[in-house]
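Colleague: Following is a predicted model, sequence given first.
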Amino acid sequence: MDTTFKNPALPPHERAQLLLNQMTVEEKAQQLTCIMPQAVLGAHGLLTDKLEPVLSNGIGQVAPLTSTGGSTPQRVANEVNLIQRHLVEGTRLGVPAVFHNEAIAGTQAPGHVVFPTETGVAATWSPELSRKMGELVRRQMRRLGLTQALGPSLDVSLEPRWGRVHETYGEDPYLVAAFGTAYIGGLQGEDLADGVVATAKHFLGYGASEGGLNSSNVEAGSRRIRDVFAYPFEAAIQLSKLRSVMNTYSEVNGVPAVISHELLTTFLRGTLEFDGYVSSDYISFQHAVDRALAAKDAAEAGRLGLEAGLDLELPAPWSYGAVLATEVRNGTIPEALVDTSALRLLTAKFELGLFEKPYAQETIDLDAVAAEGRDIAEEMAERSVTLLKNDGILPLNTKSTRMGVVGPHANAAALQYPAYSYPAARAVGLFMAQGGFNNMVGVEDYLPSADTSGEKPLPQEEWVRKDYGVKGLAEELAARGATVVAEPGTGIAADIDEAAFKRAVDAAREADVVLLAVGGASAWFVGDRTEGEASDSLSIELPEPQRRLISAVAALGKPTVVTLVAGRPYIMPADLLAADAIVHASFNGVGGISALAKVITGEVNPSGKLPYTIPRHQGQLPIFHHQRNASGYRSHTPFGTHYIDGPATPLFPFGFGLSYTSFGLDGLSIVPEEIDTDGEVTISATIRNTGETPGAEVVQLYLGNRTAGITRPAQVLGGFSRVELEPGEAAEVTFTVSARQLGHTNARGGFSVDPGHTDVFVGANSDERALTGSFTVSGTSKELRSSDRSFFSDVTLNALAQHTS
């Protein structure tokens with residue numbers, strides 16, 4: 001056997017080709033698929049009788065051990081090494097596997113910090129924190145021997161009924177791209193030999209499925225596909241050298257994405273210039289056969305997927321692997337197609353340095369792992385909390401206050417951990433081990449254990465408090481001096497009983513101040529929830545039991561503060577809106593509850609901004625700030641209204657969020673006022689803290705572009721900057737916008753910068769046009785390739801002399 005491919009001095013692509021030349025069809029086909037670890041690993045080690053039938057021809061990837069087993073980071077690392085050592089030392093070619101892992105809320109593994117979910121991250125409007133998070137997750141995953149991160153989600157979410165909104169960075173392509181490119185840059189690092197492959201998901205349009213139903217069809221013309229849904233992916237490809245993309249479950253314009261040549265090859269590889277590999281979402285081929293009825297069986301689905309450009313089947317062989325090898329042997333599928341995908345996947349393995357460093361770290365300091373990243377997670381949570389209303393009641397002086405903390409979030413720590421976090425994986429794993437959901441009885445020892453003692457699993461709430469060292473909201477407020485009575489009164493979507501409801505109302509009646517702790521809950525398929533994968537809703541109203549409690553508390557006439565924990569927009573009933581203050585937060589992980597308490601008491605001045613629009617009524621859906629000039633609440637009807645029974649404007653617009661201080665914007669400058677299609681414009685404004693408290697404001701730039709022949713969005717986000725200021729302090733924020741940032745799908749079907757007029761809006765949210773101006777693009781239309789584009793404005797901050805009155 002020629003072992004030249006083992007020479008680390010050769011380029012990865014050349015090494016991959018040398019290795020591919022020595023592979024049998026069966027070995028190639030196995031590189032295109034994956035196994036669940038249970039196929040070869042039991043509670044007490046490798047299943048020796050399974051190794052030959054499952055791994056004799058090697059394997060491309062191994063699915064997560066961390067959601068189905070491993071009570072400590074050390075156990076995860078040990079189990080990775082057991083499988084990897086067999087592949088390296090016990091198979092003909094010794095090709096190591098990639099072990100992948102979910103990573104949108106951090107490393108989804110026991111003993112690791114849980115960050116905010118993506119809507120929580122986006123509400124910080126601080127992409128630099130996203131990059132720090134990615135850098136930490138990269139180091140953690142490499143330590144565990146995990147080298148592909150399934151994340152981030154780059155879905156642009158335009159459908160609030162969809163249960164997976166909280167897994168996204170929100171409704172705006174620019175904002176999603178800013179956070180996604182930052183996180184991917186942190187994950188992959190400067191050199192992939194020390195990084196992990198980031199997998200941007202879900203390609204394409206998943207956040208706008210019909211009816212808000214998970215994996216339903218997406219109908220979108222080429223303009224929305226390119227200018228909205230593809231924007232974050234394209235930015236990640238061009239700016240962060242994204243190495244993997246995951247298909248959506250949806251059909252896009254009637255073709256399942258997993259078998260769409262138009263989507264995965266013509267558009268992704270051709271138009272967007274992607275040169276990495278495409279990973280399937282779990283059981284996508286089965287979806288194409290059994291749900292979409294677009295292929296007759298596994299073999300046909302595999303052929304269509306391979307022809308479309310789908311390189312890697314997850315999480316287990318169904319269409320690829322042995323089935324694919326048989327089809328090649330029978331002449332149904334050209335071996336050259338298999339070679340194309342295998343070469344991409346092998347090249348990535350060499351880029352990752354797996355042939356030189358295939359194993360996880362042998363010894364892991366569990367205490368150090370548990371502590372690392374907590375500061376970043378807590379800062380994210382604190383910056384994420386968003387103040388929607390304050391009639392002067394906040395911040396509270398808790399030391400002289402009797403508080404009634406009522407509602408399902410009153411003292412529930414576990415509700416901060418949504419689907420795609422490790423606690424949620426633990427909950428669904430234990431449910432399955434006890435006979436629920438796919439009846440996985442028999443693998444109890446290989447599912448997430450409650451603690452390291454091996455005793456009977458703790459209830460989820462108790463386990464979360466113990467493992468992450470967190471408290472409930474009522475306890476956090478009591479620790480700050482308040483006299484607190486906490487009563488949930490109701491579950492998230494289900495009543496408890498009338499006695500519990502009465503106790504909550506009585507607690508509110510006896511209090512000086514009521515804190516109504518309401519909102520949603522996310523879980524993986526099971527439990528009392530309003531959000532999560534395959535947990536979509538007909539209505540985005542708060543569940544009826546919570547509305548009933550809100551009304552009962554409102555009737556008491558007490559000073560009331562609402563904390564609304566939500567991963568997506570909810571309709572806010574009138575009784576909730578009548579509260580003296582409304583504090584909004586997503587599912588913010590280990591720092592979520594302490595961040596809420598710090599904002600309520602004034603230890604933290606809120607600076608979060610909404611990453612989505614909150615409607616007045618669900619009849620407005622879909623509603624988002626970048627609706628086109630003639631559409632939605634951006635339309636200009638000749639009759640002076642939109643609906644005959646209510647306004648079409650948002651309740652709270654995208655980018656909205658208040659502070660305990662005040663800010664002023666002035667001094668707009670636009671230079672020059674005319675540029676050509678190769679030029680750039682500089683837009684500057686001054687932000688000043690006009691209040692008496694230190695705080696942070698997010699200065700937001702919006703652009704309204706008008707070009708001949710098409711209707712464009714009324715505005716798009718063109719830049720933003722979070723600015724921290726002391727009282728009286730001011731700073732000049734400067735956005736440098738290239739004409740290439742104005743690229744769009746033109747009236748001719750191409751992609752270009754066209755001459756036209758651009759309105760400029762600068763403010764503190766998408767509907768506040770505090771400063772307005774414009775500039776003109778002149779000259780001739782300039783066609784743009786993907787690699788010619790500019791995706792973000794350059795932002796600079798200059799401190800100004802402190803204002804004195």
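Modeller: Sure, I can see it. Numbers count the residues shown, from 1 in each chain.

Colleague: same question for stretch 376-395, mean pLDDT?
Modeller: When pLDDT is averaged along stretch 376-395, the result is 98.

Colleague: Could I get the CA-only coordinates of that stretch as CSV?
Modeller: Extracted in CSV, the C-alpha atoms of stretch 376-395 (Å, rounded to 0.1, in the frame of the first residue of the first chain):
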residue,chain,number,x,y,z
ILE,A,376,-18.6,35.5,28.3
ALA,A,377,-22.0,33.7,28.7
GLU,A,378,-23.0,36.1,31.6
GLU,A,379,-21.9,39.2,29.6
MET,A,380,-24.0,38.0,26.6
ALA,A,381,-27.0,37.4,28.8
GLU,A,382,-26.7,40.8,30.4
ARG,A,383,-26.3,42.7,27.1
SER,A,384,-29.2,40.6,25.7
VAL,A,385,-31.9,41.7,28.2
THR,A,386,-34.2,44.2,26.4
LEU,A,387,-36.3,46.9,28.2
LEU,A,388,-39.6,47.4,26.2
LYS,A,389,-41.5,49.6,28.6
ASN,A,390,-40.7,51.5,31.8
ASP,A,391,-43.0,54.0,33.5
GLY,A,392,-40.4,54.8,36.0
ILE,A,393,-40.8,51.8,38.3
LEU,A,394,-37.4,50.3,37.3
PRO,A,395,-34.9,49.9,38.6
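
Colleague: what's the burial count for Glu461?
Modeller: Other residues near Glu461 come to 14 when the count uses other C-beta atoms under 10 Å. Heads up, the C-betas are built off the backbone N, CA and C, glycines and all.

Colleague: mind checking which helix or strand it is in?
Modeller: In this structure, Glu461 is located in helix 460-468 according to DSSP states H and E.

Colleague: Ok, Ser157 next?
Modeller: According to DSSP H and E, Ser157 maps onto no helix or strand at all.

Colleague: before we move on, the earlier item: pull the distance from the helix holding Glu461 to the chain's centre.
Modeller: Taking the mean C-alpha point of helix 460-468 and that of its whole chain, the gap between them comes to 24 Å (C-alpha atoms, centre = their mean, to the nearest Å).

Colleague: Same check on stretch 170-177?
Modeller: The gap between where stretch 170-177 is centred and where its chain is centred comes out at 11 Å by C-alpha atoms, centre = their mean.

Colleague: Check stretch 402-419 too.
Modeller: With C-alpha atoms, centre = their mean as the basis, the distance from the averaged C-alpha position of stretch 402-419 to the chain average is 23 Å.

Colleague: First-to-last residue distance for that stretch?
Modeller: Stretch 402-419 has an end-to-end distance of 35 Å (criterion: C-alpha to C-alpha, to the nearest Å).

Colleague: And it, what's buried?
Modeller: Of the residues in stretch 402-419, those with enough neighbours to count as buried (16 or more other C-beta atoms under 10 Å) are 403-419.

Colleague: from these, which ones fall inside helices?
Modeller: With helices taken from DSSP state H, there is no overlap with those.

Colleague: mean confidence for stretch 81-101?
Modeller: 97.

Colleague: for that stretch, how far is the first residue from the last?
Modeller: 15 Å.

Colleague: just to revisit the earlier point, could you give me the buried positions within the helix holding Glu461?
Modeller: When neighbours are counted by 16+ other C-beta under 10 Å, the buried residues of helix 460-468 are found to be Gln460, Trp463, Val464, Arg465, Asp467, Tyr468.

Colleague: Dump that helix to CSV, keeping only the CA atoms.
Modeller: Extracted C-alpha coordinates of helix 460-468, given in CSV (Å, rounded to 0.1, in the frame of the first residue of the first chain):
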residue,chain,number,x,y,z
GLN,A,460,-34.6,18.3,35.5
GLU,A,461,-35.0,21.5,37.6
GLU,A,462,-32.9,20.0,40.4
TRP,A,463,-30.2,18.8,38.1
VAL,A,464,-29.9,22.1,36.3
ARG,A,465,-29.5,24.0,39.6
LYS,A,466,-26.9,21.5,40.8
ASP,A,467,-24.9,21.1,37.6
TYR,A,468,-24.8,24.8,36.6
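
Colleague: Now the element after it, going C-ward?
Modeller: Heading towards the C-terminus - elements assigned by DSSP H and E - helix 460-468 is followed by helix 473-478.

Colleague: Let me know the average pLDDT across that next one.
Modeller: In the prediction, helix 473-478 has an average pLDDT of 97.

Colleague: Equivalent analysis for stretch 746-759, please.
Modeller: In this model, stretch 746-759 has a mean pLDDT of 95.

Colleague: For that stretch, what is the spacing between the initial and final residues?
Modeller: According to C-alpha to C-alpha, stretch 746-759 extends 18 Å from its N-terminal end residue to its C-terminal end residue.

Colleague: What are the contacting residues of it?
Modeller: Contacts of stretch 746-759 with the rest of the structure, by C-beta atoms under 8 Å, 6 or more residues apart in numbering, involve 222, 226, 271, 677, 703-710, 715, 739-740, 742-745, 772-784.

Colleague: and if you look at stretch 485-504?
Modeller: Taking C-beta under 8 Å, 6+ apart as the criterion, the residues outside stretch 485-504 that touch it are 402-408, 410-412, 415, 472, 474-475, 505-507, 510-511, 520-521, 528-530, 543, 545-546, 548-549, 552-553.

Colleague: Also stretch 768-775?
Modeller: Among residues not part of stretch 768-775, those counted as contacts by C-beta under 8 Å, 6+ apart are 653, 665-666, 668, 670, 672-675, 681, 683, 685, 757-764.

Colleague: just to revisit the earlier point, now, the buried residues of stretch 402-419 that are in strands?
Modeller: Of those, the ones assigned to strands by DSSP state E are Met403, Gly404, Val405, Val406.
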